[in-house]
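Q: Okay, sequence plus prediction incoming.
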Amino acid sequence: MYRIRLHGRGGQGIKTASRILGSAFFSEGFEVQDAPRYGAERRGAPIFATVRAAREPIHERGVIARPDLVLVGDATLVPVAAAGVLLGMAEHSVLLVASDDPPEVWKQRLRLAGPVRTLPASDAERGGLATVGTACAAAAARLVGVIRRGSLESAVRAELADLEPVVVERNLERALDVFERFAALEGSVREGPEPQILALPDPEWIDLPHEPARTSAPDIFGGLTSVEVRTGLWRTLRPVVDREHCHRCHWVCTTFCPDGAIRAAPDGTPEIDYDHCKGCLVCVAVCPAHAIRAVPEQEAERGAGEGAG
Amino acid sequence: MTRQLLTGNAAAAWAARLARVDYVPAFPITPQTEIIETLGRWIDAGELAARLVTLESEHSMVTAAGAAAATGVRVFSATSSQGLLYAMEMLYAVAGWRAPFVLVNVSRGIAAPITLEPDHDDVLAARDSGFLQIHCSTCQEILDSILLAHRLAEDSRVRLPVIVNFDGFTLSFTREPVEIPDGDAVDRFLGPYDPENVRFLASKPISQAVAVMGGGPYSYFRYQMHLAAEAALGVYDEVAAGFAAAFGRRWEAVETWHCDDAEIVFVMIGSFATKARDAVERLRAVGERVGLVRPRLLRPLPVAALRAAVAGKRGVAVIDQNLSLGRGGVLHAELASALYGQPDAPPVLASFVGGLGGRDIGLEEFRRMAAETRAAADAGRAPPPRLLYTSGELRELRKLQGIAHAERAELRRAAPASSDPEAS
């Protein structure tokens, strides 16, 4: 059985990548199981997905403890312990990271026993186009070596069918390009050895001790958690106050903001707390003077210091 | 017939579509929402001639489902976790209306603490409501069970609503190959819903589900529901046989795997039962005589089939993905009461609680459960209940508690030195 794990952030197309890979395997006659796993349902949150493919029906479920291939769409996740990117990497496990750093650097950093491959960003991706998920799926398809170009192409078309044709073509172009680039590594990812049930270490079960409620209730006693968590990182669009047109009416945006992230200065000018504004844009909608604009976050960051905010 | 990759949620939506449901009252909740979104899209595209109405809560949603079913139309709805609990009052009420429909529950652990991942505490809270319960372990089974459930619910000997249950994530969002039956074949299997005398019309007012005074009439009506639920066992077998004849897939009320010559059997429901099956195959390959018993029906409980499946075994390991707080695993208690006093009941019925909140169950844990059950059989004494929980998991929790500033003095006393939150 092939056991493949994909890691990335919400919005990168990691779930879609798992489906492209799953569909491609399926059209090659494999039994397939593909599934995303996530906690916070929002862009930017770590997610992972699993793909299993075998010639016989699959009964295994859930997390993949011993992957044959791990694909990482966002290299910043590698050091995040909670993301579990390196979980269960064995000697035969291949790691593929979407990164401009060469494989040797990653090999050195992570001291992995198995091979490391990298997938440098395309020019279009550097320009902000999100095709990294599709690129990962295409790389995986070539690495396993049992998926033909035509199966990859039809899987990309099937899984992106709801998107604009131009987006589909862009993804397809990237997928086929990556598929060609990895030609030399075709078949280098192999099905790992099946787990030997008698050889697995015994589970370290314990008797859970009874602890008083002051310890065992699911409470957080540290204060200010909602201040310390920078929910502003979730934002994809930033509300920006146009001071020229703002009436200083001071109560509309500040009242409607569901996160209490806008307060009025003494002269009535609203000040947005970008550490905690989630970019819901309610303020943009309710401003009677139409004085709040929505600016894409990347653009706002580039223009920071030029009056954005 | 076509075989394609479908999530559990998509399989559920396909079943409702193939059953030609008339009415779908809806309220969103993760991980179920995709089902009603999919049905909504099909209705918008003119591919499904049904009415979908979004209600303001699950309580209203189940009320609407029962009320619509009482007008004699075919009804389907879906919920999960807190949604099912919020609807609880009406689950009991609409079952008493004897107006049949199918409700999917996508299992998700219940708050607090809140989670998105699956266990069966939600659906087991509805155990005694009068809804029949079918528990699925694969995406194909979801599609097939919903079709079976409509037939079962609508049968005049039963006429009770049915919950079809499957796990969030491990089925709801997981794609597997699913054979979508041919629409005409489903029409032949299911036929139109004949509501008999359940046919509320504004022009022909009747009173349904009236009040009664005194325990006598009340006992009659409640016990009739119980008898109907029990009769559903026989009806289920008929319906499942009809389904097998039409579609070639046989869904027994109790599925058994390698049980005939097994010494030790696991008893488990839901999607993790396929993991148990995997473990059984691997243990068999190394010569261990283990088996798996998977009840698909929990209400009515197929008592005779369960007794037969475990009769003469040396030991049974019941794995409960649920927890009755202050008692333990629900399936374990159900099985114990079904087996008590039976001459060929297994001497050891071990209780394991695992998979709470989606916690994985490893192959090595299945091996160990079989070994402990066997050792208990050798010793002639049932082991104490066991939560599947490792020292590594407690170590991780100690770290979280440290961050949360839980009572550090308590933690220091309870924890081994290596997991001292002050040290981390």
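A: Nice, thanks for sending it over.
Q: Can you spell out which helices and strands pack onto the longest helix seen in chain A?
A: As assigned by DSSP state H, the longest helix anywhere in chain A is helix A:165-181. Other helices and strands packing on helix A:165-181, by 3 or more C-beta pairs under 8 Å, 6 or more residues apart in numbering or on different chains; DSSP states H and E, are helix A:123-126, helix A:132-144, helix A:149-159. Just so you know, the C-beta spots here come from the backbone N, C-alpha and C atoms, and that holds for glycine as well.
Q: which residues sit in contact with the closest residue to residue B:101 other than its chain neighbours?
A: Leaving out its chain neighbours, the residue that sits closest to residue B:101 by C-beta to C-beta, 6 or more residues apart in numbering or on different chains is residue B:75, at 3.6 Å. Residue B:75 makes contacts with B:21, B:22, B:23, B:24, B:25, B:65, B:68, B:69, B:101, B:102, as judged by C-beta atoms under 8 Å, 6 or more residues apart in numbering or on different chains.
Q: related to what we said a few turns ago, highest mean neighbour count across the helices and strands packed on helix A:165-181, which stretch is it?
A: Mean neighbours per residue, mean count of other C-beta atoms under 10 Å in any protein chain shown, is largest over the helices and strands packed on helix A:165-181 for helix A:132-144, with a mean of 27.
Q: what's the burial count for residue B:217?
A: 12 (other C-beta atoms under 10 Å in any protein chain shown).
Q: which element is it on?
A: helix B:215-247 (DSSP states H and E).
Q: and the stretch 51-200 of chain B, which residues reach chain A?
A: Residues of the stretch 51-200 of chain B found near chain A (C-beta under 8 Å from any C-beta of the partner chain) are B:112, B:113, B:116, B:169, B:170, B:173, B:174, B:175, B:176, B:177.
Q: and chain A, what are its domains?
A: Chain A breaks down by automatic domain parsing into domains covering A:2-185, A:229-302.
Q: Distance to residue B:357 and mean pLDDT for those - can I get that in JSON lines?
A: Compiled in JSON lines, these are given as follows (distance: least, C-beta to C-beta, whole Å; pLDDT from 0 to 100):
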{"stretch": "domain A:2-185", "distance to residue B:357": "12", "mean pLDDT": "93"}
{"stretch": "domain A:229-302", "distance to residue B:357": "22", "mean pLDDT": "90"}
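Q: Of those, flag the one that's most buried.
A: domain A:2-185 (a mean of 19).
Q: starting at the chain centroid, how far to that one?
A: On the basis of C-alpha atoms, centre = their mean, to the nearest Å, domain A:2-185 sits 11 Å off its chain's mean C-alpha point.
Q: and the end-to-end length of that domain?
A: 17 Å (C-alpha to C-alpha, to the nearest Å).
Q: quick one, strands of the stretch 151-300 of chain A?
A: Residue ranges of the strands in the stretch 151-300 of chain A, as given by DSSP state E, counting those that start in this stretch, are A:237-241, A:262-264, A:270-272, A:292-296.
Q: got the angle between the first one and strand A:292-296?
A: Between strand A:237-241 and strand A:292-296, the angle comes out at 150 degrees (axes from the mean of the first three to the mean of the last three C-alpha atoms, to 10 degrees).
Q: Extract the C-alpha set from strand A:237-241 and format it as PDB.
A: Taking C-alpha atoms only, strand A:237-241 is exported to PDB below (Å, rounded to 0.1, in the frame of the first residue of the first chain):
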ATOM      1  CA  LEU A 237      -8.200  41.400   3.400                       C
ATOM      2  CA  ARG A 238      -7.400  44.500   5.500                       C
ATOM      3  CA  PRO A 239      -9.900  47.300   6.200                       C
ATOM      4  CA  VAL A 240      -8.100  50.600   5.700                       C
ATOM      5  CA  VAL A 241      -9.700  53.900   6.900                       C
END
